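[1] Need a 3D model of the sequence below.
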Amino acid sequence: MASARSVGAETLRAPGFRWWHGIIIGLMLSYVPGSLLVAGVLLLPMVALRLFDPNADGQRLMIVLFYVGAVMVRPLHEAWAANGDWETCIAQITQPVTLALDWLAAGAAWLVAEASAIGGRLWNAEVARRERKSIEKRIAYLQDEWLSSDEGVPAS
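    Residues are numbered from 1 along each chain as shown. All right, here's what the predicted structure looks like:
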């Protein structure tokens, strides 16, 4: 039985989480807890994407972050303008339109990422088909050229 000390510190840490992330979150929590609450609630679609799509790589998450970040601008600006007032922050995260836009932005980003991946695969398949067709034409031409040149040579 392995003891807790034999388990490496790397296996206990969440992937991609660094020590300075904890310091930044702690400072934000002490300085602007309301704005951090708004940001946390509006980033929930990214957490859901990560949970439901474990194959989501960094590129796909950045696409989702771009779309969700666009939705987060107005609520975070209003929360910041109110100096992180709890009433304002709670009002921002309970607006149905904001929440719907947030989840729709995450869904649209996921759809764009999936469509671009499928489009890239189709494009690469088309390029490979064209190359294969070109090579087959060249093979047929060379076979025709070599077979026709052998017919004219007398056997010894």
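
[2] measure the residue nearest the centre of the chain to E114 for me?
    Within the chain, the residue whose C-alpha comes closest to the C-alpha centroid is R60; the distance, by C-alpha atoms, centre = their mean, is 1.0 Å. The span separating R60 from E114 equals 9 Å under the rule C-beta to C-beta, to the nearest Å. Every residue, glycine included, has its C-beta placed from N, CA and C.

[3] now swap in E136 and tell me
    For E136, the distance to E114 under the criterion C-beta to C-beta works out to 33 Å.

[4] circling back: buried set for the helix or strand hosting the residue nearest to the centre of the chain?
    Assigning secondary structure by DSSP states H and E places R60 in helix 58-81. The neighbour-count criterion (16 or more other C-beta atoms under 10 Å) identifies 60-61, 63-65, 67-69, 71-72, 75-76, 78-79 as the buried residues of helix 58-81.

[5] And for stretch 91-101?
    Of the residues in stretch 91-101, 91-93, 98-99, 101 count as buried by neighbour count, 16+ other C-beta under 10 Å.

[6] Which parts of this structure are helices?
    9-12, 19-31, 33-42, 44-52, 58-81, 86-93, 96-151 (DSSP state H).

[7] With mean pLDDT as extra columns, can I get those in CSV?
    Putting the helices of the chain into CSV (pLDDT from 0 to 100) gives the following:
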stretch, mean pLDDT
helix 9-12, 52
helix 19-31, 78
helix 33-42, 87
helix 44-52, 87
helix 58-81, 90
helix 86-93, 90
helix 96-151, 92
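
[8] Pick the most buried one from these.
    Neighbour counts averaged per stretch over the helices of the chain are highest for helix 33-42, at a mean of 19; criterion: mean count of other C-beta atoms under 10 Å.

[9] Show me what that one is packed against.
    Helices and strands touching helix 33-42, as assessed by 3 or more C-beta pairs under 8 Å, 6 or more residues apart in numbering; DSSP states H and E, comprise helix 19-31, helix 58-81, helix 86-93.

[10] from the chain's centre, how far out does it sit?
    Computed by C-alpha atoms, centre = their mean, to the nearest Å, the separation of helix 33-42 from the middle of its chain amounts to 22 Å.

[11] Render the CA-only coordinates of that helix in CSV, please.
    C-alpha atoms of helix 33-42 as CSV (Å, rounded to 0.1, in the frame of the first residue of the first chain):
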residue,chain,number,x,y,z
PRO,A,33,-15.3,39.6,-4.5
GLY,A,34,-18.4,40.7,-6.4
SER,A,35,-16.6,41.0,-9.7
LEU,A,36,-15.0,37.6,-9.1
LEU,A,37,-18.4,36.2,-8.5
VAL,A,38,-19.7,37.6,-11.8
ALA,A,39,-16.6,36.3,-13.6
GLY,A,40,-17.0,32.8,-12.0
VAL,A,41,-20.6,32.5,-12.8
LEU,A,42,-20.1,33.6,-16.4
